[in-house]
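Engineer: Predicted structure and sequence below. I'll ask about it afterward.
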Amino acid sequence: QVQLVESGGGLVQPGGSLRLSCAASALIKDHYAVGWFRQAPGKEREEVSCFSSTDGRTWYADSVTGRFTISRNNHRNTVSLQMNSLKPEDTAIYHCAAMVGCGTDYPPLYWGLGTQVTVSS
């Protein structure tokens, strides 16, 4: 069964931190890359980070480099996104997705329902 479930969103003040988790079925964790995407109202969807299951490499959008860290917890079958130094422009619904690989050549195949992140004072 292919399944992705996000958790960890919420309201945080600018400069604060949140940790998002994506619970992935074993099939996804072992055979697919898992990426985090976000979409704010009135804006296009943006990929912010990706973790490649085949070689453990990671990728980050310029807008989050140095602030966000993606990692995989094999024991819990989760891919997490640690978000530090959050800014109001990080406010969006965050979705995790599974792809064949990281990069624009590999569109998402499976999606989670998303979790809301709001950065506001």
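Structural biologist: Ah, there it is.
Engineer: mind listing what Gly16 touches?
Structural biologist: Residues counted as contacts of Gly16 (CB atoms under 8 Å, 6 or more residues apart in numbering) are 86, 119. (C-beta placed from N, C-alpha, C; glycine too.)
Engineer: Report the distance from stretch 103-111 to the chain centre.
Structural biologist: Computed by CA atoms, centre = their mean, to the nearest Å, the chain-centroid distance of stretch 103-111 equals 13 Å.
Engineer: what element comes up after the helix or strand of the chain with the lowest mean pLDDT heading to the C-terminus?
Structural biologist: Within the chain, no helix or strand scores below helix 26-31, which has a mean of 72 by mean pLDDT, DSSP states H and E. Per DSSP states H and E, the first helix or strand lying C-terminal to helix 26-31 is strand 33-39.
Engineer: Neighbouring strands - and their directions - for that next one?
Structural biologist: strand 46-51 (antiparallel), strand 92-99 (antiparallel) (DSSP bridges).
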